[in-house]
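Visitor: what follows is a predicted protein model with its sequence.
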Amino acid sequence: MSHNAESTAFRSALEVIRAVEPRVADAIGAELADQRESLKLIASENYASPATLLAMGNWFSDKYAEGTVGRRFYAGCQNVDTVEALAAEHARELFGAAHAYVQPHSGIDANLVAFWAILADRVESPALRKAQVRHVNDLTEADWFALRRELGDQRMLGMSLDAGGHLTHGFRPNISGKMFDQRSYGTDPATGLVDYDRVAEAAREFRPLVLVAGYSAYPRKVNFRIMREIADEVGATFMVDMAHFAGLVAGKVFTGDFDPVPHAHIVTTTTHKSLRGPRGGMVLCGPELADQVDRGCPMVLGGPLPHVMAAKAVALAEARRPDFADYAQRIVDNAQALADGLLSRGATLVTGGTDNHLVLIDVSGYGLTGRQAEQALLDSGIVTNRNAVPQDPNGAWYTSGIRIGTPALTTRGLGAAEMDATAELIHTVLTRTTAGTGPDGGPSKAKYVLDPAVAEQVGKQAADLLTPFPLYPEVTLG
Ligand SMILES: *Cc1c(COP(=O)(O)O)cnc(C)c1O
C-alpha cells in the first residue's frame, strides 16, 4: 500500500465516485489497468501527469466564463482569470508567441477559431463586419445569405489527406470543407517528401486566402520559412496546425526553419498529443490577429472549460522545465530507433524513415491492408492505428498503412533497445498474418488469419517489455 499524495488523491476520488455510481469508478479503474498493460503506439496519444489530471477534477468546472480575461460576460470570474492568464503566459513564454488563446476545447475547435479569425481579418465583407455582433441572429436575412456567399468563395490550400494532412484543413467530411474552396498539395511520389516548388506552383495558380501546413501522418519536418515565403508571394495568410508535433516545438527539437511560431501568422495546436497536457486546444498568433482570435468564444466555441485551462497551465509549466526538452529529444530518438528496427527487418516506410515522432509503415509489402494489420497487431497487444499512405490504393477506410508514434511510450521511459524489440514484435505479427478470403473468393480487405498462439506469444513479450516501465508509478489504487 502506497501512501504518497497521488495515490491518496486518486483513491479518495474513486471512493467518492463509487458511492454514487460504482460502475463509473470501476470503468475509471479499468481504464488505468488497460493503459498500463497496452503497448501504446498511437502517435496522437500520451499520458498527462497526475498534477495535470488532478487540476481538471474540481469546481472550476462549475463556472461560466464567456469572454476573455478581464472582459467576461459573466460575473465572478477572478479565479478563472487567474488560471487562464497563467496558461496563456506559460504558452507565450514556452513558444515565444506574442499572443496565446487557451480556450479551445480541442484541436478542431482551435482550427475553427483560427479560420474565423483569418476570415474576419482578411475578407472585405460588409456582412462579415456585421457578424462581429454578439449574436449572428442579429443579422438580417439578406446579410446572412451575403455572408454565406462571401465566405464560400474563400480559398484554402493545405496538405492532402493521403500525404498526412488533416480533415480540418478544408476537407469535405469536416465543416472546413464547406467553409472553404479547398485544393491540396501532395508529396513527391518518388521521395514521399513535401515538394516546395510544387506547393509554390499550386499557390500561384490557386491564389489561396489561407495556406495551411501541418499534418497528422507525415513523418518528416516541414520547412516553415519556405512555406511562409510562398504564402507571402501570393498574399496568403500562413497557418500552421502543429497539433501533432507541438511537444517537439516546445522541447526545442524543432527550431529555426522548423519552428512554426516565428514564421506563421497563426499557429493552432492540441494540448494532449506530444505536448502531454490535458485534452484541449490552443491558438498562438501575433498582435494583428489577437482581437479576432479572442472572439473564439462565443463566436465559435461554447463556454470555456476553466478546469481544463487550469490543467493547461500546469502542463505548460511542466513543458517549460528543462527535463521536457530531454523528453522531446527522446521522442525523436525513439522514433528513429523504431524506424531503423523496422527497416533492418525489411519493412517499407513512407519517406524511408522519420525525423519527428511518428513512423508510417506501408504494410502492402506484407500483403495486408492497414485494417488487417491494425487488428492483427491489436490481437497481439500492440495498439496502433491504420492510416492512408500517399496515393493509397485501398482508400481511407481500409488503407495500406500503419501509423505508429513514440510520445506515449517515451513518457513511460522506454528507450532505443525497447524500440528495437518493438520493431521485432511488429514485424513478427505482420509477417505471420495473411489476408483472409472475401465473399467473392478473392482476398478480403478486412479478414485476416493469424495463429492465436503467435498473437498470444507476442502479447506476452509486449507485456514483458512494459514491466520495467510502469505507467503512473506514483499511483497505486489499492
Ligand atoms: C489531432 C489533430 C486535430 C484535432 O484535434 P482534436 O483535439 O481531436 O479536435 C487537428 N489537427 C491536426 C493536425 C491533428 O493532428
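Guide: Arrived safely, thanks for sending.
Visitor: where does the stretch 51-200 of the chain dip in pLDDT?
Guide: 128, 131-138, 148, 152 (pLDDT under 70).
Visitor: show me what residue of it gets nearest to the ligand.
Guide: Relative to the ligand, the nearest point of the stretch 51-200 of the chain is G107 (2.4 Å; Cβ to the nearest ligand atom). For the C-beta atoms, the positions are set from N, CA and C on the backbone; glycine is no exception.
Visitor: what sits closest to that residue if chain neighbours are left out?
Guide: Among residues not flanking G107 along the chain, T270 sits closest, at 3.8 Å (Cβ to Cβ, 6 or more residues apart in numbering).
Visitor: list phi and psi for the one you found.
Guide: phi -90, psi 170 (degrees, to the nearest 10).
Visitor: swap in V308?
Guide: phi -80, psi -30.
Visitor: please tell me how far Q457 sits from D379.
Guide: In this structure, Q457 and D379 are 11 Å apart, going by Cβ to Cβ, to the nearest Å.
Visitor: neighbour-wise, which of the two wins?
Guide: Comparing Q457 with D379 by other Cβ atoms under 10 Å, the one with more neighbours is D379, at 18 against 15.
Visitor: picking up where we left off before, who are the contact partners of the residue of the stretch 51-200 of the chain closest to the ligand?
Guide: T168, D241, A243, T268, T269, T270, G281 (Cβ atoms under 8 Å, 6 or more residues apart in numbering).
Visitor: switch the cut-off to 6 Å
Guide: The contact partners of G107, taken as Cβ atoms under 6 Å, 6 or more residues apart in numbering, are A243, T270, G281.
Visitor: please pick the buried ones from these.
Guide: A243, T270, G281 (16 or more other Cβ atoms under 10 Å).
Visitor: using PDB, write out every CA atom in the helix or strand that contains L119.
Guide: Assessed by DSSP states H and E, L119 sits inside helix 107-122. In PDB, the C-alpha atoms belonging to helix 107-122 read as follows (Å, rounded to 0.1, in the frame of the first residue of the first chain):
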ATOM      1  CA  GLY A 107      -7.700  20.900 -31.900                       C
ATOM      2  CA  ILE A 108     -10.600  21.100 -34.300                       C
ATOM      3  CA  ASP A 109     -12.100  23.900 -32.200                       C
ATOM      4  CA  ALA A 110      -8.700  25.700 -32.300                       C
ATOM      5  CA  ASN A 111      -8.700  25.500 -36.100                       C
ATOM      6  CA  LEU A 112     -12.300  26.900 -36.300                       C
ATOM      7  CA  VAL A 113     -11.200  29.800 -34.100                       C
ATOM      8  CA  ALA A 114      -8.300  30.400 -36.400                       C
ATOM      9  CA  PHE A 115     -10.300  30.100 -39.600                       C
ATOM     10  CA  TRP A 116     -12.900  32.600 -38.300                       C
ATOM     11  CA  ALA A 117     -10.100  35.000 -37.200                       C
ATOM     12  CA  ILE A 118      -8.500  34.800 -40.600                       C
ATOM     13  CA  LEU A 119     -11.800  35.300 -42.500                       C
ATOM     14  CA  ALA A 120     -12.800  38.200 -40.300                       C
ATOM     15  CA  ASP A 121      -9.400  39.800 -40.700                       C
ATOM     16  CA  ARG A 122      -9.000  39.300 -44.400                       C
END
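Visitor: which parts of the stretch 301-450 of the chain sit against the ligand?
Guide: Neighbours of the ligand within the stretch 301-450 of the chain, by Cβ under 6 Å from any ligand atom: none found.
Visitor: number of residues surrounding the closest residue to the ligand within the stretch 301-450 of the chain?
Guide: Distances between the stretch 301-450 of the chain and the ligand by Cβ to the nearest ligand atom are smallest at L358, namely 10.3 Å. Using other Cβ under 10 Å, L358 has 30 neighbouring residues.
Visitor: contacts only, for it.
Guide: By Cβ under 6 Å, 6+ apart, the residues touching L358 are A43, P219, G405.
Visitor: quick one, domains of this structure?
Guide: The chain resolves into domains spanning 60-319, 326-466 when parsed by automatic domain parsing.
Visitor: tell me how far the longest one lies from the chain's centre.
Guide: If you compare the mean C-alpha spot of domain 60-319 with that of the full chain, they lie 13 Å apart, counting by Cα atoms, centre = their mean, to the nearest Å.
Visitor: end to end on that domain, go ahead and measure it.
Guide: For domain 60-319, the first-to-last residue distance is 22 Å (Cα to Cα, to the nearest Å).
Visitor: do the same with stretch 290-298
Guide: So stretch 290-298: terminal residues 15 Å apart, Cα to Cα.
Visitor: what's in contact with that stretch?
Guide: E66, T68, H99, Y101, Q103, V113, A117, A120, D121, V283, C285, P304.
Visitor: in JSON lines: these, plus neighbour count.
Guide: Output for these, formatted as JSON lines (neighbours: other Cβ atoms under 10 Å):
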{"residue": "E66", "neighbour count": "17"}
{"residue": "T68", "neighbour count": "24"}
{"residue": "H99", "neighbour count": "19"}
{"residue": "Y101", "neighbour count": "31"}
{"residue": "Q103", "neighbour count": "32"}
{"residue": "V113", "neighbour count": "28"}
{"residue": "A117", "neighbour count": "28"}
{"residue": "A120", "neighbour count": "19"}
{"residue": "D121", "neighbour count": "17"}
{"residue": "V283", "neighbour count": "29"}
{"residue": "C285", "neighbour count": "27"}
{"residue": "P304", "neighbour count": "26"}
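Visitor: tell me the helices in the stretch 201-350 of the chain, going along the chain?
Guide: Taking DSSP state H, counting those that start in this stretch, the helices of the stretch 201-350 of the chain run over residues 224-234, 246-250, 287-293, 296-299, 306-319, 322-344.
Visitor: comparing those, which gets the lowest mean pLDDT score?
Guide: For the helices of the stretch 201-350 of the chain, mean pLDDT drops lowest on helix 296-299, to a mean of 91.
Visitor: buried residues in that one, which are they?
Guide: G296, C297, M299.
Visitor: a markdown table for those, including distance to L338?
Guide: What follows is these, written out as a markdown table (distance: Cβ to Cβ, whole Å):
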| residue | distance to L338 |
| --- | --- |
| G296 | 37 |
| C297 | 40 |
| M299 | 42 |
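Visitor: just curious, which of the residues you listed is nearest to the ligand?
Guide: Out of those, the member with the shortest distance to the ligand (by Cβ to the nearest ligand atom) is G296, at 14.0 Å.
Visitor: distance of D355 from T384?
Guide: In terms of Cβ to Cβ, D355 sits 20 Å off from T384.
Visitor: which one of these two has more residues nearby?
Guide: Neighbour count, other Cβ under 10 Å: between D355 and T384, T384 has more, with 23 against 16.
Visitor: was I right to think the more buried one contacts I404?
Guide: Yes: using Cβ atoms under 6 Å, T384 makes contact with I404 at a distance of 5.1 Å.
Visitor: which neighbours do those two share?
Guide: L41.
Visitor: the closest residue to K40 other than its chain neighbours sits in which helix or strand?
Guide: Residue nearest to K40 in three dimensions, not counting chain neighbours: A408, with 4.5 Å by Cβ to Cβ, 6+ apart. Per DSSP H and E, A408 falls inside helix 407-412.
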